[in-house]
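Student: Task: produce atomic coordinates for the following.
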Amino acid sequence: MPPPEAPPGDRPSTRSADWRWLLPNPRPRAIGNFGASRYLEAGIAALGGRSDAAAPAGCDLAVASNPSLAVLRAMWEALAPGGVCFTEWTRPHPISADWQPRRLRAAGFSLRGWYWPWPPPRRAAPRAWLPLDAPGAQHYALRARRSRAAPVVRLAWRTARALGLLAPVYAVAQKPPVAQPAGLERYARHGSGIERCSTLLLTSGPRLSNPVVALLFAEPSAVPNVVVKLPRVQATMPALRAEAAALRRLPADLDGVPRLVDWDERDDGLAALSQTPVLGDPLWRRVDRQTYRALALQMTDWLVRLAGRPARRPRAAWWSRLVEPVLDDAAAIFGRLVEPGAIARTRACLERVVDLPLVFEQRDCWSGNVLLDRAGRLGVLDWESAEPCGLPLVDLLYFLADLGFVLEDAYRRGSVPAAYRASLDARTLTGAVRQECVERYARALGLSPLEQRALRLLVWLPHAVWDAHQLGLSATPAALGRIRFLSLWQTELDAIEQPG
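Tutor: Below is the predicted model of the structure:
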């Protein structure tokens, strides 16, 4: 799971600068403040600029809130050729939906983009930046909302857009000469015939280490052409590098996975991972008692295809890399928090395994990363934790547990431990489906009952260790003991050791 808080050295104001990814250059060197709001000032500070009224001559970026035409002309004079003007407009202008772009053009700027953030920054950090001059991206974003009220919401938004009632809005404009393509647009040019692209920027995620995601559209298409992941903080870089490496190694004949378009890492610390989109609804939206078994079996078959026909490898090929570090860390971190001898018994069970077929392990296989498209085909996102030569079965067990939690509404009810215990009983619905799926997967890969029991102990323990590392050295025993994965591992160990 992701870390619970920002890594050391990441400033909380970093999220206030997410709009920088809308700029042609997301790392401006000299920034002029021409009357920025408190929100924009926090972003300027996060970019390393000054939050006072300094306006250096020849600056790369000029920022202002509700600027008059005179202020816009002053920004023009302060900017170097090709410099960018980023403006915030907090007041709606009824019956004049395009008033802000017209003012920017009157000052001599070329409009590069015009965005509406949701939620507005005054309420919380925006989760999305929707382009106001891009019908394709708008259609995609508005259709993504699924509820009974969704048609009313879409009509209300389009009406507000047409009447100029949306506020605040933000504009990206540039002083000529304007480079083409610039910014994120260049990642959409891998396809031919793209004359105009738009950017839907997604900045959600509870942690600073979550990447910013840009969906690029070849307008007026309502289907994203490219997905670009961007590191909000340096702590995100290793995960993006790992995902780029994983995408290069995914089986070429496997459907439902993103394909690497480009990994662009620059000397100044910026990077962009561009990949083909995988579309559909998150699987948790489709799960009920009628669909549960069919979806579980469909995912089982997909994971069998991902595994392919792997040869068995001796313990020397995987123990020191995939098992021993987890057991050693677990003993060091949790040794005093769990039943005496529990980790030793886990080790003893695993040591009975002589060899295993190694597979491409996704390592984050939950129902939010698994999509189902309109044709009923599965797709799997987020491969930054993947291990191309990993352990079999654990992805399936992780997925089945999560799918059962969704079915039983266990996350909301706080009943995850009870739901998991029920899934280990073949007389329950979740238990019967788990048994059926595991038997199907085990037959395909030739896993013995002994190997299945051992692998069950490695579903949760690596995640518990990872969570503990994210909590840090200062974590109290009470905080470590509350790690959900630890209790799930203990439940699994008790079930395996029960007679019969």
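
Student: check contacts around residue 302.
Tutor: 256, 378, 380 (CB atoms under 8 Å, 6 or more residues apart in numbering). To be clear about C-beta, it is placed using only N, CA and C from the backbone, and glycine gets the same treatment.

Student: Quick one: neighbours of the first one, just the number.
Tutor: Other residues near residue 256 come to 18 when the count uses other CB atoms under 10 Å.

Student: Got the phi and psi for it?
Tutor: The phi and psi values for residue 256, taken as degrees, to the nearest 10, are phi 80, psi 20.

Student: That one against residue 277, yeah?
Tutor: No - using CB atoms under 8 Å, residue 256 is not in contact with residue 277, being 11.6 Å away.

Student: Residue 475 reaches residue 469, doesn't it?
Tutor: No - using CB under 8 Å, residue 475 is not in contact with residue 469; the gap is 9.4 Å.

Student: Please identify which of the two sits among more neighbours.
Tutor: residue 475 (18 against 13).

Student: And for the more buried one, nearest residue in space, chain neighbours not counted?
Tutor: residue 468 (6.7 Å; CB to CB, 6 or more residues apart in numbering).

Student: so what secondary structure elements neighbour the strand or helix carrying that neighbour?
Tutor: Per DSSP states H and E: residue 468 is located in helix 461-471. Counting contacts by 3 or more CB pairs under 8 Å, 6 or more residues apart in numbering; DSSP states H and E, helix 461-471 packs against helix 324-334, helix 477-481, helix 484-497.

Student: What about residue 178, how many residues nearby?
Tutor: 15.

Student: That one belongs to a helix, doesn't it?
Tutor: No - judged by DSSP: H, G, I helix; E, B strand; the rest coil, residue 178 forms no part of a helix; its state is coil.

Student: now it, nearest residue through space, not along the chain?
Tutor: residue 110 (5.1 Å).

Student: now residue 121
Tutor: Nearest to residue 121 is residue 39, by CB to CB, 6+ apart, at 4.4 Å.

Student: Do I have it right that that neighbour meets residue 124?
Tutor: No - at 11.1 Å, residue 39 does not count as touching residue 124 under the criterion of CB under 8 Å.

Student: So which of these two has more stuff around it?
Tutor: residue 39 (21 against 10).

Student: and the more buried one, which of the three is it?
Tutor: Note that with three-state DSSP, the state of residue 39 is helix.

Student: cool, residue 113 as well?
Tutor: Per three-state DSSP, residue 113 ends up strand.

Student: who are the neighbours in contact with it?
Tutor: 22, 131, 133, 171-172, 198-199.

Student: Tell me the most packed of those residues, by neighbour count.
Tutor: In the contacts of residue 113, the most neighbours by other CB under 10 Å go to residue 198, 28 neighbours.

Student: Give me the phi and psi for that residue.
Tutor: Residue torsions, per degrees, to the nearest 10, at residue 198 are phi -120, psi 170.

Student: distance of it from residue 155?
Tutor: 22 Å (CB to CB, to the nearest Å).

Student: which residues in the stretch 301-450 of the chain form strands?
Tutor: 312-314, 355-357, 359-361, 370-372, 378-380, 387-390 (DSSP state E, counting those that start in this stretch).

Student: Relative to the last one, what are the paired strands and their orientations?
Tutor: So the one you mean is strand 387-390. In the sheet, strand 387-390 lines up against strand 359-361 (antiparallel) (DSSP bridges).
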